[in-house]
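J.: My questions are about this predicted structure, shown below with the sequence.
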Amino acid sequence: MKLLVSAHEYSANTHLKSLLYHLPKETELLGIFDKNLGDPIADVQTLAVMGYVDAAKKLRYFLALLKQMVTLAEKVDKVLLIDASGFNLPLAKRLKNRYPDKEIIYYILPEAWAWKRSRIKKLEERIDTLASILPFEKSYYSDTAPITYVGHPLLDQITRFKTAINPEIRTVCFMPGSRKSIIRRLMPLFRETAGRLNIKALLVIPQHFSKEEINTLYGTLSGFETREDARGALLESDFAFICKGTATLEASLIGTPFALVYQFSSLDYLLYRLLVRIPFIGLGNILLKADKGRILHPELIQQDVTAENMIKTMQGMDREQFYQNSLNLLEYLKHGSAETTAKLILKKRQ
C-alpha cells in the first residue's frame with residue numbers, strides 16, 4: 001500500500017512511528033514526514049511555525065508544498081493527515097476536489113471545537129475517516145460524521161509513570177519546547193528562576209539541535225543539567241515549568257506536577273483572545289473540564305510569566321491533588337490509539 005502522509009510536527013512523527021508498527025511492512029510512505037521514516041519531500045525541521053505571524057512569513061513555501069502534495073497523491077492508495085490543521089485542511093480541500101474518490105484519513109483532528117466550529121462541517125465533508133484522540137470530541141460532530149475515538153497516542157509511547165509525589169521539591173525540570181522563537185523568549189526567565197531556587201535544575205533540549213543552535217538559542221547553560229529525554233527528565237523531577245504543547249499532556253499523564261508557561265507575540269495573543277473560546281490552554285485542564293476554581297495545573301501567560309510568579313506558583317501548588325487528578329486523566333484517555341487507527345487505515349471502504 002502506498003500512503004501519502006502529511007505529518008509536520010516532531011510529535012506527529014512519533015505517533016506516525018507507532019502507527020507504522022501496526023501497518024504492513026511493505027507500506028510505502030510518500031509526502032511530508034520525518035526523514036528517519038523514509039524519503040520525504042520536505043525536512044520536518046523547516047516546517048516548524050509558531051503562531052499566525054510566523055506562518056504568514058512562510059506562506060509562499062507552503063503553497064508550493066501544497067501543490068507538490070496534490071501531484072503526489074495521484075500515485076497513492078490512501079491519504080493520511082496528522083495534526084497540522086493550518087496546512088492539512090487546505091490540503092484536504094484540494095485533494096478532495098482533484099481526487100473525489102481517494103480516501104482521506106485524518107488522525108489527531110484540528111481543535112475546531114475550541115476556536116472555529118464552522119470547520120467541523122468542512123471536516124465532515126472532506127474527510128472520509130476522522131480518527132479522534134479526545135473522548136469528548138465526537139459530541140461536536142453530527143450523528144452521521146465518520147468519526148471514531150481511537151484513544152490518545154501518547155499512551156502508546158509513555159511506559160513509565162510516577163507512583164508517588166515527593167514531599168520536597170528537590171529537582172525542577174525546565175522545558176521551553178522546540179520552537180526557536182519561544183526558546184529565546186523563555187530562557188532568560190527560566191535562567192532567573194533556576195538561579196533563585198536552591199534545587200537541581202534540569203533543562204530539556206531537543207536532540208535535533210546542533211551545538212551551534214544550542215549556543216545561539218539557550219545562551220549560558222551554567223546552573224542547568226541538560227537532558228534530551230523529556231519523559232525521563234519529567235520522571236526525575238518533582239516539579240516542571242513547561243511551554244504549551246504536547247509536553248504538558250505528557251507531564252499530566254506521567255504524574256509530574258507542573259505549571260504551563262507561555263508568551264505569545266503581541267499579535268498572536270490578540271488573535272488568540274479573539275478566536276479561542278475556552279478559558280485554558282493546557283490540554284489536561286481542558287480534558288478535565290477545569291474551571292476557575294479547580295484546575296489540573298496552573299497556567300502563566302504573557303506578562304504573568306515572571307520568575308517571582310513562577311516560584312510562587314510552584315510553592316503554592318497542591319502537588320498531591322495534581323497527582324490524584326493525573327490518575328483520573330490516565331483512566332479517561334485509555335490507550336491503543338496506534339493499533340486502532342491502523343485498523344481504520346487498512347479497512348476497506350464500503
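T.: The structure has been received and is ready for your questions.
J.: Show me what the helix or strand residue 125 falls within is packed against.
T.: Using DSSP states H and E, residue 125 maps to helix 118-126. Using 3 or more Cβ pairs under 8 Å, 6 or more residues apart in numbering; DSSP states H and E as the contact test, the elements touching helix 118-126 are helix 85-98, helix 112-115. Placement of C-beta: from N, CA and C, glycine included.
J.: in the stretch 151-300 of the chain, which spans are helices?
T.: For the stretch 151-300 of the chain, the helices defined by DSSP state H, counting those that start in this stretch occupy 180-196, 211-218, 230-236, 246-254, 266-275, 283-287.
J.: so what's residue 157 scoring on pLDDT?
T.: pLDDT, residue 157: 89.
J.: For the nearest residue to residue 245 once chain neighbours are set aside, the count of nearby residues, please.
T.: Distances taken as Cβ to Cβ, 6 or more residues apart in numbering place residue 177 nearest to residue 245, at 5.7 Å, with adjacent residues excluded. Other residues within reach of residue 177, judged by other Cβ atoms under 10 Å, total 19.
J.: Residue 177 and residue 162: what is the separation?
T.: Per Cβ to Cβ, to the nearest Å, residue 177 is found 22 Å from residue 162.
J.: ditto for residue 87
T.: Distance, residue 87 to residue 162, by Cβ to Cβ: 36 Å.
J.: One more: residue 288?
T.: For residue 288 relative to residue 162 (Cβ to Cβ), the value is 18 Å.
J.: And residue 307, by the same measure?
T.: Residue 307 is 26 Å from residue 162, by Cβ to Cβ.
J.: And for residue 302?
T.: 30 Å.
J.: So for those two, which sits in the more crowded spot?
T.: Higher neighbour count among residue 302 and residue 162: residue 162, with 19 against 11, using other Cβ under 10 Å.
J.: Looking at the spatially closest residue to that one that is not a sequence neighbour now. What's its pLDDT?
T.: Of all residues not flanking residue 162 in the chain, residue 255 sits nearest, at 3.5 Å (Cβ to Cβ, 6+ apart). Note on residue 255: pLDDT of 96.
J.: can you list the domains in this protein?
T.: Per automatic domain parsing, the structural domains of the chain span 2-152+334-346, 171-333.
J.: so where's this protein uncertain?
T.: For the chain, the stretches flagged by pLDDT under 70 are 46, 48-57, 114-116, 265-278, 289-294, 350.
J.: Pick out the residue closest to the middle of it.
T.: Centrality entry for the chain: nearest residue to the mean C-alpha point is residue 246, 3.6 Å, by Cα atoms, centre = their mean.
J.: Contact partners for that residue?
T.: Applying Cβ atoms under 8 Å, 6 or more residues apart in numbering, we find residue 246 in contact with 11, 154.
J.: do that again at 7 Å, thanks
T.: Residue 246 sits next to residue 11 when contact means Cβ atoms under 7 Å, 6 or more residues apart in numbering.
J.: And the one 10 residues further on, by the same measure?
T.: Residue 256 makes contact with 162, 234, 237, 240 under the criterion Cβ under 7 Å, 6+ apart.
J.: returning to that earlier point: for residue 312, which of the helices of the stretch 151-300 of the chain is the nearest?
T.: Within the helices of the stretch 151-300 of the chain, the stretch nearest residue 312 is helix 180-196; the backing value is 10.8 Å (Cβ to Cβ).
J.: in that closest one, what counts as buried?
T.: Of the residues in helix 180-196, 180-183, 185-187, 189-191, 193-194 count as buried by neighbour count, 16 or more other Cβ atoms under 10 Å.
J.: Can you tell me which of the residues you listed is nearest residue 210?
T.: Checking these one by one against residue 210 (Cβ to Cβ), the nearest turns out to be residue 180, at 12.1 Å.
J.: Which residue, neighbours along the chain excluded, lies closest to the closest one?
T.: Excluding its sequence neighbours, the residue lying closest to residue 180 (Cβ to Cβ, 6+ apart) is residue 217, at 5.9 Å.
J.: any idea how far residue 132 is from the one you found?
T.: Counting by Cβ to Cβ, the gap from residue 217 to residue 132 is 35 Å.
J.: Look at those two and report which has more neighbours.
T.: residue 132 (22 against 16).
J.: Would you mind measuring from the closest residue to the more buried one other than its chain neighbours to residue 125?
T.: Among residues not flanking residue 132 along the chain, residue 149 sits closest, at 4.9 Å (Cβ to Cβ, 6+ apart). Separation of residue 149 from residue 125 (Cβ to Cβ): 20 Å.
J.: how about the CA coordinates for stretch 19-28, as PDB?
T.: The C-alpha trace of stretch 19-28 is given here as PDB (Å, rounded to 0.1, in the frame of the first residue of the first chain):
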ATOM      1  CA  LEU A  19       1.300   3.600  13.700                       C
ATOM      2  CA  LEU A  20       3.700   2.100  11.300                       C
ATOM      3  CA  TYR A  21       4.400  -0.800  13.700                       C
ATOM      4  CA  HIS A  22       0.800  -1.900  13.200                       C
ATOM      5  CA  LEU A  23       0.700  -1.400   9.400                       C
ATOM      6  CA  PRO A  24       2.100  -4.000   6.800                       C
ATOM      7  CA  LYS A  25       5.900  -3.800   6.400                       C
ATOM      8  CA  GLU A  26       5.500  -3.200   2.700                       C
ATOM      9  CA  THR A  27       3.600   0.100   3.300                       C
ATOM     10  CA  GLU A  28       5.300   2.800   1.300                       C
END
